[in-house]
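> Generate a structure from the sequence data that follows.
(4 chains)
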There are 2 protein chains.
Amino acid sequence: MSRASTLSDVARRAGVHQATASRALNPASRHLVSKSTAERVLVAARELGYVPNGIARGLRTNRSHTVGVIIPDLMNPLFPPIVRGIEDVLADEGYTALLANTDNDEQRERTQFEALVTRRVDGIIMATARRDHPLLAEAAHRGLKVVLVNRDTERADFSAVTTDDWLGVAMATEHMIGLGHQRIGHLSGPPGLSTGSTRVRSFRETLHSHRLDAPPEYIEVCDAYSEAAGASATRLLLDRAPELTAIVAANDLLALGACDVFRERGIACPERMSITGFNDMPFADKFHPALTTVRVPHYDLGAEAGRLLLEQLMQPTHLTKRLSLPPKLIVRASTAPPYDANTSTSNPA
Amino acid sequence: MSRASTLSDVARRAGVHQATASRALNPASRHLVSKSTAERVLVAARELGYVPNGIARGLRTNRSHTVGVIIPDLMNPLFPPIVRGIEDVLADEGYTALLANTDNDEQRERTQFEALVTRRVDGIIMATARRDHPLLAEAAHRGLKVVLVNRDTERADFSAVTTDDWLGVAMATEHMIGLGHQRIGHLSGPPGLSTGSTRVRSFRETLHSHRLDAPPEYIEVCDAYSEAAGASATRLLLDRAPELTAIVAANDLLALGACDVFRERGIACPERMSITGFNDMPFADKFHPALTTVRVPHYDLGAEAGRLLLEQLMQPTHLTKRLSLPPKLIVRASTAPPYDANTSTSNPA
DNA sequence: TGTGGCGGTGCAAACGATTGCTTCTACGCC
DNA sequence: GGCGTAGAAGCAATCGTTTGCACCGCCACA
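All right, here's what the predicted structure looks like:
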C-alpha cells in the first residue's frame, strides 16, 4: 500500500549498487554478476514484492513492449477471434495489446491513433485498412511497424495477413453453380475495402468462367458490413431482379440481413432462395437456417499477424511479407438446388 | 522516419525554454504563459508533428493513463460488449485499455496481472472475479484501484457493477411457472463464481415461494459457462429426471448446449421441453428456436464500470460503490406451456 | 523613489530504470 | 616480484517530461 519499491530499494536491501541489481534481475545480463550476488538480489526482490517499472524502462530503452490493435468494432463477431489470436502470440513474448475501436469513424480513428503514438507502442496491427488510407501514410512516415490484418491496402510497403477472398467467393459461387443455380445475385461489401472489391471481382469472374451472366442489376453494393445494410440491399436487389434463385453475400451479417428480408417477404430459404455468407462467424451453425458460408481462420489470421509484427520488432530488417490464409467452404442448410430444377428433376422419379 | 521530435525540439524552434513549451502545450497550465508565446509554441509543435512522449510523462507524473481489463476469454460473446462499454467511457477521458485474457487459468491470470502491474496501469477492471480470489488481495495490497464487472466477490472493499442475477433468474423461473410448468430443472453455473451461486439460490427460492419443489436431482452444476459443459450437464439431468418439462439455464451457452442434446435425443423444443438462457447474447434471436432469455445490459455494465473507475482515479476518495443494473426477460420461441397442460387444456375446446 | 506584487520565463531536479565506462581486486604467469 | 588480465561491482549519464522555485522586469501605490 506504501509506495511501490524500486530498483534501488532492492539494491540497498541486497547491499549492492542498483546497476548490479539491474543486471542480476535481467536474465540477459545476469552472467555479468557473480552467482551469489545474483541470488541475493533475487531474494531481496522477492521479499520486497518488487515489480520493475516498465515506464522507466521504456523511457530508457525506447520500447514499450506494447502494441496497438486498431479494429472497427469489437462487437462485430469477426474481430474477437482475431484479437484473441494476436494477444496469445504477443503475450508469449511479453507484449501486451492496447485496444482501439474506431467505429469506422475517421475522426475517431485519428484520435485513437494519436493515443497509441503518444503511448509509444512498438508497433500497430490494423484491421481497419481502407484501400487508400491516409493514416497508413502517416504511420510509415513516423517509422512505425505496421501489420495489416483481414483487410489489405493498395500500398505494398506493409506486411499483411488476409484470407484468400478471391478463392473464398469463387468456392461459394461454384457451390451455387454446382447446385444448378443460373441466376445468382451478389451482396457486395463496401468498395473502399479490399474485401469488398476483391470479393465482387471474384464473383463476376467466377460466373464468367462458367459462362454465366453477372449483369450489374444482379449486384447490390452495401455501404457497411451489417445486418441492416444487408437487409436494405436485399430489398433493392429483389425488387429489381425477382428472378434470382440464389445470393452470394460478401459477409455473414449481410446474409443474416437478407434472411430477415426473406422471412419478411415469405420467401422460403433455402427452398425458394439459397444464400451463402462469408466468415463463418461464431454460432453460424445455430442460425435458422444454418448458414452455408466460407470459413475464415480468424484466430490464425490474428496469430499470424502477431507473429509477423514480432518478427519485425525483433530484427528490424523491414522485410514486408504478405500472407494469405486459405478459406474453406462450409455447407449447411441455407443452400439447396433451385426451385425449378428441383421440381423438374424430382418429378420424374 | 527520423527520430521523433521532443519537447526541446519544439522549444528550440519556438525560441523558448522547454519548461515554457511544456506549459504552453498543456491546456491546464497554458494560462501561465503569455498568449503570444503559447501561440508560437503550438505552431512549432504542429510544424514538427510533435506528439508528447507518454512514457516520459508517465514516469514523471506517475500515471500511465492506461487501465487493465482482465477477462476470461474475449471469444465468449458476453465480453465484447462489456469491453466496448469500458473502452468508450475511458477513451473520452484520454485513457486506453490494456487487454488481458486469462482463459480461466490461474497461472495465466497471474502472469497477465504482473504484466499490467509492470506497465503501471492506473487501475484495473476485472471480469474474472471468483468469490474468493487471491489476486484481489494482492491488488488491494498494492493499492491498485480495482472495479469488478459482471461477477462479484465476497470482499466488500472493491467497487463492482453487476446485473441483478437474483431478479433475472426469478423472472425466468416465474415465466416458466406462469406457463404452467411444475417440474423445472436448472443448469447451474460454477459455484465458485458469484453468478453461479446467486442464480442457483434464486432458482430454488423462487420455486419455494411458489410452493414448488426444487429437489437436488433437478439441479445440475456445470463446471464452466460453455456449450460443452451445458450439453453434458443436460445429459445427466435428463437421465436422472426425465419428467422435467422445462429447464432454466444459468447462461445462454449452457442453454445452447442443452438444445443440442434435445436435438440429439429427439426432444422437441419448445413443445416437449422449454428452456431459458441468461445474457441475451448477440444473435440469440436468430437461433433455432429463438432463445427466451434474460437480457443483461452488457455494454452498460462495462460503461458503468469504466465510470466508477474513472471516478476513483480522479478523486481518490476510495469510496467503494456497488452498482446493480436491472435485467429484462426477453420472451422468444424456446418456451411454451408444458406438453401435458397443452393437451389437457386444448382438448376440451 | 522605494517597495511590494505579479505576470512571464528560465533553471534544474526529479521520476526509475539501463548501460558504457571506470575502478578495484585477485590471480596467474613469466 | 611485477605486470597483464579478467571478473565483479560501482559511477554517472541518459531517456523526455513536469514542476517547485528563483529570477527579472514592470507597474502601481504610497
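> rest of the way, CA atoms for contacts and neighbours
Noted.
> hmm, who's touching stretch A:73-80?
A:71, A:101-104, A:279, A:281-282, A:298, B:74-75, B:77, B:80-81, B:84 (CA atoms under 8 Å, 6 or more residues apart in numbering or on different chains).
> confidence score at the residue of the stretch 51-200 of chain A found nearest DNA strand D?
Nearest residue of the stretch 51-200 of chain A to DNA strand D (CA to the nearest atom of the strand) works out as residue A:60 at 3.3 Å. For residue A:60, the pLDDT comes out at 96.
> tell me the phi and psi of it?
Backbone torsions of residue A:60, given as degrees, to the nearest 10, read phi -70, psi -40.
> which regions of the stretch 201-349 of chain A lie under the pLDDT threshold?
For the stretch 201-349 of chain A, applying pLDDT under 70 flags the ranges A:340-349.
> What residue in it comes nearest to DNA strand C?
residue A:314 (13.8 Å).
> quick one, phi/psi of that residue?
With angles defined as degrees, to the nearest 10, residue A:314 sits at phi -70, psi -60.
> Then the one 5 residues further on?
Residue A:319 has phi and psi values of phi -100, psi 110 when expressed as degrees, to the nearest 10.
> Now do it against residue A:301, distance only.
19 Å (CA to CA, to the nearest Å).
> looking at this, residue A:293 is in a strand?
Yes. Applying DSSP: H, G, I helix; E, B strand; the rest coil, one finds residue A:293 inside a strand.
> So residue A:100 lies in a strand, does it not?
Yes. Judged by three-state DSSP, residue A:100 forms part of a strand.
> got a list of what it touches?
Here residue A:100 is in contact with A:68-71, A:112, B:87, B:96-97 (CA under 8 Å, 6+ apart).
> Show me what it is bridged to.
Bridge pairing for residue A:100 (DSSP bridges) gives the partners residue A:70.
> Need the contacts of residue A:100 in a markdown table (columns: pLDDT).
As requested, the contacts of residue A:100 are exported to a markdown table (pLDDT from 0 to 100):
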| residue | pLDDT |
| --- | --- |
| A:68 | 97 |
| A:69 | 97 |
| A:70 | 97 |
| A:71 | 96 |
| A:112 | 95 |
| B:87 | 96 |
| B:96 | 96 |
| B:97 | 97 |
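> Drop the exposed ones from those and show what's left.
Applying 16 or more other CA atoms under 10 Å in any protein chain shown to the contacts of residue A:100, the neighbour count classes A:68-71, A:112, B:87, B:96-97 as buried.
> Please identify the residues of chain A in proximity to chain B?
For chain A, the contact set with chain B under CA under 8 Å from any CA of the partner chain comprises A:1-2, A:4, A:51-56, A:58-59, A:64, A:74-75, A:77, A:80-81, A:84, A:87, A:94, A:96-101, A:114-115, A:117-120, A:140-143, A:286-288.
> now, which of these lie within strands?
Those of these mapping onto strands are A:96-101, per DSSP state E.
> residue of the stretch 151-300 of chain A with the smallest distance to chain B?
Per CA to the nearest CA, residue A:287 is where the stretch 151-300 of chain A lies closest to chain B, at 4.6 Å.
> In contact with that residue, which residues?
Contacts of residue A:287 by CA under 8 Å, 6+ apart are B:286-288.
> Of the residues you listed, just say which sits nearest to residue B:191.
Checking those against residue B:191 by CA to CA gives residue B:287 as the nearest, at 27.7 Å.
> what's the residue nearest the centre of chain A sitting at in phi/psi?
Nearest residue to the geometric centre of chain A (CA atoms, centre = their mean): residue A:150, 4.3 Å. Reported as degrees, to the nearest 10, the phi and psi values for residue A:150 are phi 70, psi -50.
> Am I right that it is in contact with residue A:303?
No. Using CA atoms under 8 Å, residue A:150 is not in contact with residue A:303; the gap is 11.6 Å.
> Am I right that residue A:148 sits in a helix?
No. Judged by three-state DSSP, residue A:148 forms no part of a helix; its state is strand.
> Surely residue A:48 touches residue A:6?
No. Using CA under 8 Å as the test, residue A:48 is too far from residue A:6 to be in contact (9.2 Å).
> and the ones in strands among the residues of chain A next to chain B, which two are the farthest apart?
The two members of these with the most space between them (CA to CA) are A:96 and A:101, at 16.4 Å.
> ok, back up a step: return the member of the buried ones among the contacts of residue A:100 nearest to residue A:198.
residue A:71 (20.1 Å).
> got a list of what that closest one touches?
By CA under 8 Å, 6+ apart, residue A:71 lies in contact with A:79, A:99-102, A:126-128.
> By neighbours, which of the residues you listed wins?
Among the contacts of residue A:71, residue A:100 has the most neighbours (other CA atoms under 10 Å in any protein chain shown), with 28 neighbours.
> could you measure the residue in chain A sticking out farthest from the centre against chain B, distance?
Within chain A, the residue lying farthest from the chain centre (CA atoms, centre = their mean) is residue A:15, at 50.8 Å. Distance, residue A:15 to chain B, by CA to the nearest CA, to the nearest Å: 24 Å.
> Now do the contacts for that residue.
So residue A:15 contacts nothing (CA under 8 Å, 6+ apart).
> For it, give me phi and psi.
According to degrees, to the nearest 10, residue A:15 has phi 70, psi 30.
> any chance you could map the strands in chain A?
Remark: strands assigned in chain A by DSSP E are A:66-71, A:96-101, A:123-126, A:145-149, A:159-163, A:184-188, A:219-221, A:246-249, A:274-276, A:293-295, A:322-325, A:328-330.
> Run the angle between the fifth one and strand A:145-149 for me.
Counting by axes from the mean of the first three to the mean of the last three CA atoms, to 10 degrees, strand A:159-163 points 10 degrees away from the direction of strand A:145-149.
> How about the first one?
What separates the directions of strand A:66-71 and strand A:145-149 is an angle of 30 degrees, with the same axes, to 10 degrees.
> Let's see strand A:66-71 as PDB, backbone CA atoms only.
The C-alpha trace of strand A:66-71 is given here as PDB (Å, rounded to 0.1, in the frame of the first residue of the first chain):
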ATOM      1  CA  THR A  66       3.100  -2.800 -26.100                       C
ATOM      2  CA  VAL A  67       1.400  -2.900 -29.500                       C
ATOM      3  CA  GLY A  68      -1.700  -1.100 -30.600                       C
ATOM      4  CA  VAL A  69      -4.600  -3.100 -32.100                       C
ATOM      5  CA  ILE A  70      -6.900  -1.000 -34.200                       C
ATOM      6  CA  ILE A  71     -10.300  -2.500 -35.100                       C
END
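> Tell me where chain A has helices.
Taking DSSP state H to define them, one finds helices in chain A at A:7-14, A:18-25, A:35-48, A:54-61, A:79-92, A:106-118, A:134-141, A:165-179, A:194-209, A:227-240, A:252-265, A:298-314, A:339-346.
> The fifth one: which residues count as buried?
The neighbour-count check on helix A:79-92 (16+ other CA under 10 Å) flags A:79-91 as buried.
> and the gap between the residue of the stretch 51-200 of chain A closest to DNA strand D and residue A:217?
Residue A:60 sits 61 Å away from residue A:217, going by CA to CA.
> And for residue A:262?
Using CA to CA, residue A:262 is found at 19 Å from residue A:217.
> about what we covered before: what about residue A:319 and residue A:301, which has more around it?
Between residue A:319 and residue A:301, residue A:301 has the larger neighbour count (other CA under 10 Å), namely 25 against 11.
> Can you name the residues that contact the more buried one?
Counting by CA under 8 Å, 6+ apart, residue A:301 makes contact with A:82, A:85, A:149-150, A:161-163, A:325.
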